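Engineer: Sequence and predicted structure are below.
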Amino acid sequence: MAVTPDAELVARCREGDAEAWHELVDRFSRYVFAIVGQGYGLRGDDAEDVFQEVFSRVFERLDTLRSDDAVRPWIAQLARRCAVDRLRSASRELPVEDVPEERYEETIALLDEAMAVREALAELTPECAEILDRFFARDESYRTIGEALDLPAGTIASRISRCLAKLRERLEGRNRSSDPSSVRVT
């Protein structure tokens, strides 16, 4: 299952491709919610309003994006600005100046890592993606996974190991081709 590169997705959105727009929103929706929730502590209606504002601005201003490859940091910056605006307008007890910039930067770095892993998982075979999802995201045991997939627990262990190696290769391949501050797999 191939993942459409961000730049290609942005180009298709600019051409008016509604399917590409839905894919872009789907790709970055959890990212935006995590930024406003984890980075700025917004919840419920406030988080939803910021989410709507971010994607409204993305839709309206997509033509102003200088590089189609820079859509992720651009969306992060829009989310940051909208969250700060929301905090200011709501006159929270915590002044906006007290939201530590380091917390925001750490949140963005962790979210970028998670998105890189998610994209790399999407490039694996469906079997590998499922087995890694069951083991790491759903916290299922070898036995539970084996029963669900009708495989012995020992086979599950070896498949997890092989699939992790494939995932690591994908992530390290991205690391070599991008800047040194990108994802590290240890």
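Structural biologist: On my side now, so go ahead.
Engineer: Would you pull up how far the helix or strand harbouring Ala114 lies from the middle of the chain?
Structural biologist: For Ala114, the enclosing helix or strand under DSSP states H and E is helix 101-123. Centroid separation for helix 101-123 versus its chain: 6 Å, with Cα atoms, centre = their mean, to the nearest Å.
Engineer: same deal with stretch 151-167?
Structural biologist: Centre-to-centre, stretch 151-167 and its host chain are 25 Å apart (Cα atoms, centre = their mean).
Engineer: Give me the contacts around that stretch.
Structural biologist: 117, 120-121, 124, 127-128, 131-132, 135, 142-143, 145-146, 149, 185 (Cβ atoms under 8 Å, 6 or more residues apart in numbering). C-beta: built from backbone N, CA, C; applies to glycine.
Engineer: re earlier: please identify the buried residues of the helix holding Ala114?
Structural biologist: Using 16 or more other Cβ atoms under 10 Å as the test for burial, helix 101-123 gives Tyr104, Thr107, Ile108, Leu111, Asp112, Met115, Ala116, Val117, Glu119, Ala120, Leu121, Glu123.
Engineer: Flag the least confident of those.
Structural biologist: Minimum pLDDT across the buried residues of helix 101-123 is recorded for Tyr104, with 66.
Engineer: Among the contacts of stretch 151-167, pick out the one closest to Val36, please.
Structural biologist: Val117 (21.0 Å; Cβ to Cβ).
Engineer: Counting by contacts, list what the helix holding Ala114 packs against.
Structural biologist: Packing partners of helix 101-123 (3 or more Cβ pairs under 8 Å, 6 or more residues apart in numbering; DSSP states H and E): helix 18-34, helix 71-90, helix 126-132, helix 153-177.
Engineer: among those helices, which is nearest Val10?
Structural biologist: helix 71-90 (5.2 Å).
Engineer: roughly how far is the closest one from the heart of the chain?
Structural biologist: 16 Å.
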